Each structure stands twice: as C-alpha cells, then as structure tokens.
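K.L.:
pasting the structure only:
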C-alpha cells in the first residue's frame, strides 16, 4: 500500500504540491503572414493546490489574425488538450486551445501550430465587405472581396475579460460571414478563463482617448504641461468619455494627476472646474469633463485648468511657520521642510488624500500652510471627476497649541498602505500590462 493511500485511510490530509508554471500573456493583432508563431515565457511559482494552464485563441479575418495567449496558474479543474473550432471559415474564423495540468512546467505550449496550419487562398466570390481587426475602431476599414461561400458582411465588437487578466482589450471586428446576424461566437461565452461578449450595436459604444499622467515639479501652477493620451479605448455600452485633472500645490512643490478614458455615466456632457482649497496656502483644484462623442476627451494641456485659477499677487510672508511637503507614494514624516507661510494663513495642515479610479490608485501625503481652521482640504468632496477621493488628516495645527497625534515614524495609516499596495497593479492594468512573453515567427 502506498504511503499516500495509507495516510488518506487514516484521515491525514497531505498538502498538494506547489507547482512551477510557465507564465506570460500575449494579446495582439498580427498579419496572418507572421503565423505560425513561437514564443518564450518566464516562470512562476504557484500557490499550493493550483494547476498550470495554457489558453490560446486565434481569430482569423482575411489578412489579419487576433491572438490571445494566457499561461500561468489556475484553480480550474485539470483537463487534457482541448481544441475547439468556435467558427469555421471561409471568412471570419475562431479557434481555441486550452489545457490544465498538474506537473511542473506542464503548460509548455510554445507554438500556434495546434490551431493554425498554412492553407491555400480561398476562391473569391462577388460579395465585398470591410475587413478589419482592431483594439481601437474599424471606422476606416479597407473593403475586400470575400471568399466564395461568404454571403454577408459582419460588423461588431468582442468584449473580453478574464479575472486577473481583466485588461484584455476589446476587439472591433468587420469581415465576411456565411450567415447574417450578430453571432460571430456561435454561442461561445467562455474559453478557459476568458469570458466573451459580443455586440453589434456600434452606435452605443464610444472610442475615447486613454492614459494616465502623474507629474511633480515646482511650477505646475504657472506653466502648462502637455496632457496627451498614449492610446485609445473602446468603451462598454452606456459608458462615456472622461478626462480628469487634479492639481495640488504646497508652494515648494506641485503635483498634477490626470486621467483620460471611459467612465460609467455619472453625468453626460458636463465640464466642471473646482477650487477645493486655497490660496493662500495649500491649493487643491480640479478639472473634470464627461462627453458623449468619439475621442471628445481631447484636452491637450493642463491650461484647461490653469487658465481658470486665481492669479493673486505674491503674498507677503507672515509670521507662521509650518512643515511643507508633497509626497506621492511615500510619507512626509522624514521629508518635510519648514517654511515661512504667506500672510493670510493661520494654521498648519497635515494629512493625505488617496485617489482611486481612472486607472490610478495613488496616495498623496501633504503638509503645508492653510488659511482656515478647518482641517479639510476637500471639504467633504468624495468624487473629483472619475476619481474617488478619501482624505485623512490631523486637526489643523495651531503653533503653540497641543501637540497633534502623529503616525509613528516611518509608518502610515492602514488605508494609506492599502492604496499603496494596489498602485503598481492599477497602473499596469490601465496602461496595458506589457507582454510577459516574447513571440517570434515559427522556424520553417
């Protein structure tokens, strides 16, 4: 009798082995001439009881192919190689390969060959259709002659999500089909961990500029800076375009945080500029715009906010001294400078503002001079454009008064630590996590 069976009969649980799996992702629109592909990946140690997985999806559309590859750890049930033809050509076709296994590095698929083999060009018919695969839009797709068996033109979008891989881009699709209707997936709703949705209601989906900006300097209240987006985003149904810009200035240092992208419609076709605090003293101001036309979130610089800020003459120095600091992702407890506050201020502020939303989770630690005894910079504001905001602060400090309660040196409040922990992942998800594998053409 094996030792494991004996232990099981005695009611003793044996922990499952923690596996090492190949790990990486690839999401890309490629030329069909680049197939078949090979790739190399990194490795990852999984949690105990987890298995290794391979997921490959190919959507062919004339001269283009949409490739989605996920390798890593999973809690899904083990199963042998499974190849599924979700839609056969000619014209648009979708196929997938999945495998879940319980051995070290058993998810060793390294080529697209299980789903793709060279095939001769199809005989052409008389139907012509726009043909396009894009993570952005197909508004200027080239029109091509369809294969002989194709009778209809398809135009729609595939919406992909996959749990921890939720950054998978949506795919705009136009091409040739042998049947009418919005049924590219033939009823498929899941491929391994990937959930798929299909819509052909293009009027209900906007394309928006997408990107985040986080910038610190000494003169951001005076000189506009470029506010450009590095990509575009196809929104979900019912979402609108947004652009949000937040400015915090403590005198010696300024911070600009910006976001462009899609947003659930809190409000439609609106624009707001708000001065939440100051001057004199700490300045907190914001610009937020929601709009409902393609790529309407197109502000090109921070002047959309700066042009509306008050421009008072430089105040004379007063007789109040305060620690001043503006720290992103860190603490002011060891990084503050004591300055002479401007005339008109009467209290010292110490606290932080945590931002979440629009592709960013960012804590900002703040110290500076304020004009009002209120200890809040945001005055209860909980939303600034696409950002949800949380402010945590000590009571405003009056020099000579009772000593404030401070966070221990080098420590931070629990909510602060939670926001910091999520920052790297949030930025990666929003900006499009870089491919964690290296694809290259298959050796012929």
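P.N.:
Looks like it came in fine. Note that the structure is a prediction, hence the values are computed from the model and not measured.
K.L.:
Residue 308 against residue 273, yeah?
P.N.:
Yes: in this structure, residue 308 is within contact of residue 273 by Cβ atoms under 8 Å, at 4.7 Å. C-beta: built from backbone N, CA, C; applies to glycine.
K.L.:
more neighbours, these two?
P.N.:
With neighbours defined as other Cβ atoms under 10 Å, residue 308 and residue 273 compare such that residue 273 has more, 15 against 12.
K.L.:
Wait, a helix at that one?
P.N.:
No: counting by DSSP: H, G, I helix; E, B strand; the rest coil, residue 273 is not found in a helix; it is strand.
K.L.:
Just grab the bridge partners of residue 360 for me.
P.N.:
residue 357 (DSSP bridges).
K.L.:
mind checking pLDDT for it?
P.N.:
Turning to residue 360, the model gives it a pLDDT of 86.
K.L.:
Any figure for the gap between it and residue 214?
P.N.:
The gap separating residue 360 from residue 214 is 7 Å, by Cβ to Cβ, to the nearest Å.
K.L.:
Spell out which residues are contacts of both of the two.
P.N.:
residue 257 (Cβ atoms under 8 Å, 6 or more residues apart in numbering).
K.L.:
of these two, who's got more company?
P.N.:
Comparing residue 360 with residue 214 by neighbour count (other Cβ under 10 Å), the higher total belongs to residue 360, at 23 against 18.
K.L.:
Name the helix or strand for the closest residue to residue 271 other than its chain neighbours, please.
P.N.:
Spatial nearest neighbour of residue 271, chain neighbours left out: residue 289 (4.5 Å); criterion: Cβ to Cβ, 6 or more residues apart in numbering. Taking DSSP states H and E as the definition, residue 289 sits inside strand 283-291.
K.L.:
and that strand, what's its mean pLDDT?
P.N.:
In the prediction, strand 283-291 has an average pLDDT of 95.
K.L.:
now for the helix or strand following it, which elements pack on it?
P.N.:
Using DSSP H and E, the helix or strand that directly follows strand 283-291 along the chain is helix 303-306. Helix 303-306 sits against strand 239-249, strand 283-291, with contacts defined as 3 or more Cβ pairs under 8 Å, 6 or more residues apart in numbering; DSSP states H and E.
K.L.:
among these, which is the most enclosed?
P.N.:
Mean neighbour count (mean count of other Cβ atoms under 10 Å) peaks for strand 239-249 among the helices and strands packed on helix 303-306, with a mean of 25.
K.L.:
quick one: buried residues of the helix or strand following that strand?
P.N.:
Scanning forward in sequence from strand 239-249 by DSSP H and E, the next helix or strand is strand 254-264. Buried residues in strand 254-264, counted by 16 or more other Cβ atoms under 10 Å: 254-263.
K.L.:
ok, back up a step: among the helices and strands packed on helix 303-306, which is nearest residue 210?
P.N.:
Closest to residue 210 of the helices and strands packed on helix 303-306 is strand 239-249 (Cβ to Cβ; 9.3 Å).
K.L.:
Now the two most distant members of the buried residues of strand 254-264.
P.N.:
Across these (Cβ to Cβ), the longest gap, 28.0 Å, separates 254 and 262.
K.L.:
give me every residue that touches residue 345.
P.N.:
Here residue 345 is in contact with 280-281, 318, 320, 322, 369-371 (criterion: Cβ under 8 Å, 6+ apart).
K.L.:
Mind giving me the PyMOL command for buried ones among those?
P.N.:
To isolate the buried ones among the contacts of residue 345 in PyMOL, judged by 16+ other Cβ under 10 Å, type:
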select buried, resi 280+281+320+322+369+370+371
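K.L.:
Switch the contacts of residue 345 over to a markdown table; also include secondary structure.
P.N.:
Listed next are the contacts of residue 345 as a markdown table, based on three-state DSSP:
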| residue | secondary structure |
| --- | --- |
| 280 | coil |
| 281 | coil |
| 318 | strand |
| 320 | strand |
| 322 | strand |
| 369 | strand |
| 370 | strand |
| 371 | coil |
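K.L.:
Read off the pLDDT value for residue 173.
P.N.:
pLDDT at residue 173 comes out at 94.
K.L.:
residues near it, how many?
P.N.:
Residue 173 has 25 nearby residues by other Cβ under 10 Å.
K.L.:
Kindly report the same for residue 113.
P.N.:
14.
K.L.:
ok, the nearest residue to it once chain neighbours are set aside to residue 296 distance?
P.N.:
Excluding the flanking residues, the one nearest residue 113 by Cβ to Cβ, 6+ apart is residue 36, at 4.9 Å. The gap separating residue 36 from residue 296 is 41 Å, by Cβ to Cβ.
K.L.:
now swap in residue 276 and tell me
P.N.:
25 Å.
K.L.:
out of the two, which sits in the more crowded spot?
P.N.:
residue 276 (22 against 19).
K.L.:
Identify the bridge partners of the nearest residue to that one once chain neighbours are set aside.
P.N.:
Distances taken as Cβ to Cβ, 6+ apart put residue 284 closest to residue 276, at 4.2 Å, once the chain neighbours are dropped. Beta-bridge partners for residue 284, by DSSP bridges, are residue 248, residue 277.
K.L.:
tell me the contacts of residue 284?
P.N.:
246-248, 275-278, 353, 377-378.
K.L.:
do that again at 10 Å, thanks
P.N.:
Contacts for residue 284 were tallied using Cβ atoms under 10 Å, 6 or more residues apart in numbering; they are 246-250, 255, 274-278, 353, 364, 366, 377-379, 381, 384, 389, 391.
K.L.:
Over to residue 286?
P.N.:
By Cβ under 10 Å, 6+ apart, the neighbours of residue 286 are 244-248, 257, 272-276, 305, 378, 381, 384-385, 387, 389.
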